[in-house]
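>>> Here is the input, now give the coordinates:
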Amino acid sequence: GDFSLSAIPAYSFILAIWAVFMLEFWKRKQSKTVLQWGTANFESEEITRLEFKGEEIDSYINGKKIKFFSNKKRDQIILTSYVIVFILIFIDMAILASIYVIRFALIKNGVSKSNSQTIASIANAVQIKITDAIYKNLAVRLTNFENHRTDTLYEDSFIIKIFLFQFINSYASFYYLAFLAEFFGDCERNECVV
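Reported below is the predicted structural model:
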């Protein structure tokens, strides 16, 4: 039988305890680093980016000239930006699906399963690299278009876009193998995961 089955509860418990300790030690290290580097309240004191565009108005607080950009307009731009991101993610998944459709067509036309898998793997690797390069360029443009006031807001927005796309782009084929391949008859029970 499977001897690891009885160890799963103990492993899960140890993993949960480790996660709690890891989080607490990380918080401690983060606080120590903030004090060492003097970056407490950094984001509240951050200066406006040179690339930030807005209309010049008098500040309601001290009367100095400041650049103003409407929150409503920014929210609309950010929403548009994320709609574009999700459309690109959908296109990426469609490209991956087409690679698997081509693989099934190759098998149907007499190409061996191992050769068709090799062709699909190479096509997937090329697709990941090409779409990654294209998307990084588009992510920079979309983030610039969002007109963020500070570098931190700009970088946070850019990182979220890159993470969302690269997560799907890089791991979609693994999700296919783990959850869908068996249903499409691509492999026997648990053969894909082993």
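>>> Whichever strand or helix holds residue 24: what's the following helix or strand?
In this assignment (DSSP states H and E), residue 24 forms part of helix 8-37. Reading on from helix 8-37 to the C-terminus, the next helix or strand found by DSSP H and E is strand 55-58.
>>> Distance-wise, check the most far-flung residue of the chain relative to its centre relative to residue 57.
When distances are taken from the C-alpha mean of the chain, residue 63 lies farthest, 41.2 Å away, according to Cα atoms, centre = their mean. Distance, residue 63 to residue 57, by Cβ to Cβ, to the nearest Å: 10 Å. All C-beta spots, glycine's among them, are computed from the backbone N, C-alpha and C.
>>> and if you look at residue 4?
In terms of Cβ to Cβ, residue 4 sits 65 Å off from residue 57.
>>> do residue 96 as well
48 Å.
>>> what about the longest helix in the protein?
helix 71-108 (DSSP state H).
>>> from the chain's centre, how far out does that one sit?
Mean-position distance between helix 71-108 and its chain equals 13 Å (Cα atoms, centre = their mean, to the nearest Å).
>>> Averaged pLDDT, that helix. What do you get?
Summarised as a single mean, pLDDT over helix 71-108 is 92.
>>> List the buried residues of it.
Using 16 or more other Cβ atoms under 10 Å as the test for burial, helix 71-108 gives 77-78, 81-82, 84-85, 88-89, 92, 95-96, 99-100, 103, 106-107.
>>> Ok, stretch 148-162 next?
For stretch 148-162, burial by neighbour count (16+ other Cβ under 10 Å) applies to 148, 149, 150, 151, 153, 154, 157, 158, 161, 162.
>>> On the three-state scheme, the first one is what?
So that's residue 148. Three-state call for residue 148 (DSSP: H, G, I helix; E, B strand; the rest coil): coil.
>>> Phi first, then psi, for it.
With angles defined as degrees, to the nearest 10, residue 148 sits at phi -80, psi 140.
>>> Spell out the secondary structure type for residue 168.
Once three-state DSSP is applied, residue 168 turns out helix.
>>> Tell me where the model's unsure across the chain.
1-3, 43-44, 187-194 (pLDDT under 70).
>>> cutoff 90 now
Applying pLDDT under 90 to the chain flags residues 1-11, 34-71, 74, 100, 103-104, 107, 111-114, 116-117, 147-152, 172-194.
>>> Pull the contacting residues for residue 31.
Neighbouring residues of residue 31 by Cβ atoms under 8 Å, 6 or more residues apart in numbering: there are none.
>>> Good, wrapping up.
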